[in-house]
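Undergrad: Using only what follows, build the 3D model:
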Amino acid sequence: QVQLVESGGGLVQPGGSLRLSCAASGLTFSAYAMSWHRQAPGKERELVALMGIAAGSTIYTDSVKGRSTISRDNAKNTVYLQMNSLKTEDTAVYYCRAFRTGVNPYWGQGTQVTVSS
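TA: So this is what the prediction gives:
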């Protein structure tokens, strides 16, 4: 049974930082590309950052470029999202996703990030 468990969300002031973690189990982690997505109230879920199987292959949505870094530790079956200079518009539920060609993607349950003073 595949499980993705996010952690690290919380309440942070504007300008602050958070590091989200997503621990995966039940799959060959190194064979999956990993991504972070977010969904704010009343909005569609959007891609935040993506990392392919090769650690150097990353994609970021424009709104987080220069402020966020996605990374993975295949030895720990974990993907991270470091977010700096947080803004109120970063407030959302953040989800991680594991995907590979020919297989339905797996999603975590989400972790709430609230940026507020």
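Undergrad: Run a quick neighbour tally on residue 43.
TA: Using other CB atoms under 10 Å, residue 43 has 9 neighbouring residues. From N, CA and C alone the C-beta is placed, and that goes for glycine too.
Undergrad: swap in residue 80?
TA: Residue 80 has 19 neighbours, counted by other CB under 10 Å.
Undergrad: what does residue 29 give?
TA: Using other CB under 10 Å, residue 29 has 20 neighbouring residues.
Undergrad: Check residue 75 too.
TA: For residue 75, the count of nearby residues is 8 (other CB under 10 Å).
Undergrad: before we move on, what about residue 86?
TA: Residue 86: 22 surrounding residues under other CB under 10 Å.
Undergrad: What of residue 64?
TA: 22.
Undergrad: Could you do residue 108 as well?
TA: Residue 108 - counted by other CB under 10 Å - has 21 other residues nearby.
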